[in-house]
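A.B. asks: Sharing a sequence plus its predicted fold:
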Amino acid sequence: MHTIYFNRCITHLPVINLRQTLDYYRDTLGFTNEWTFGKIDGGIRRDDMQLLFCENPEHVKQINNQKYCLPLMWFVSDIDKIYLEFKERKIKIADDLRAHPYGLREFSFIDINGYYIRVAEGADEVKQT
């Protein structure tokens, strides 16, 4: 008998330009293993996190604009090192790293498609030094 188990959710995010997005995630954010399927679908990964993209600039304009932006949360290990790495990579940080009362430490930035990306780690997961 098999046990029901939900494993993960990978969103197929619309982007303004697939090639520019893959280049940004590789060259600016340190992702690797990019792939494309045709001219409008592709993906990239960093460690176990995989991102899927579909070129659809009109959809991006609807969800990421001056009034709204779609937030995404990335859960990571060793957020302090990632925060320092992103600052060294000259990524403009929207919200600095800090602890929140809901039990997460997080910082955020906005990617080239206007996604508000929250990078988080559970406060209880932080290694004691």
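C.D. replies: Cool, got the structure.

A.B. asks: Would you check how far apart residue 80 and residue 97 are?
C.D. replies: Relative to residue 97, residue 80 is positioned 7 Å away (C-beta to C-beta, to the nearest Å). Quick note: C-beta positions are derived from backbone N, CA and C, even for glycine.

A.B. asks: neighbour-wise, which of the two wins?
C.D. replies: residue 97 (19 against 13; other C-beta atoms under 10 Å).

A.B. asks: which element is the more buried one on?
C.D. replies: strand 93-99 (DSSP states H and E).

A.B. asks: could you give the mean pLDDT of that strand?
C.D. replies: Per-residue pLDDT over strand 93-99 has a mean of 97.

A.B. asks: Stretch 26-38 now?
C.D. replies: For stretch 26-38, mean pLDDT rounds to 96.

A.B. asks: Check which residues of that stretch are buried.
C.D. replies: 29, 31, 34 (16 or more other C-beta atoms under 10 Å).
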